[in-house]
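Colleague: predicted structure and sequence below. I'll ask about it afterward.
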Amino acid sequence: MLKYILAILLPPLAVFMSGSMGKTLLNVVLTIIGWIPGAIHALLVVHNNNRAAI
């Protein structure tokens with residue numbers, strides 16, 4: 001649940017905590033372009049990571 005909140009507030013940090021360095025760099029670029037694309041990408045990465053862990 002904390003990662004989902006971080007995905008909205010601080011997208012690159014949430015991706016860093018649950019993904020690879022490549023995904024984190026992509027998220028930083030998306031967040032610089034606009035907060036919404038970065039947040040959407042972070043939510044997708046966090047969701048896919050949590051689903052794979054189950």
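Modeller: Now that the structure is in, tell me what you want to look at. Numbers count the residues shown, from 1 in each chain.

Colleague: ok, the residue nearest the centre of the chain - contacts?
Modeller: Centroid check for the chain by Cα atoms, centre = their mean gives Ala42 as the closest residue, at 2.2 Å. For Ala42, the contacting residues are 6-8, 11-12, 14-15, 27, by Cβ atoms under 8 Å, 6 or more residues apart in numbering. Where you see a C-beta, it was placed from the backbone N, CA and C, and this is true even at glycine.

Colleague: can you pull the buried residues of the helix ranked longest in the chain?
Modeller: Assignment by DSSP state H gives helix 35-53 as the longest helix of the chain. Of the residues in helix 35-53, 38-43, 45-46, 49 count as buried by neighbour count, 16 or more other Cβ atoms under 10 Å.

Colleague: give me the mean pLDDT for the helix or strand that contains Lys23.
Modeller: Element membership for Lys23 (DSSP states H and E) is helix 21-33. Averaged across helix 21-33, the pLDDT comes to 97.
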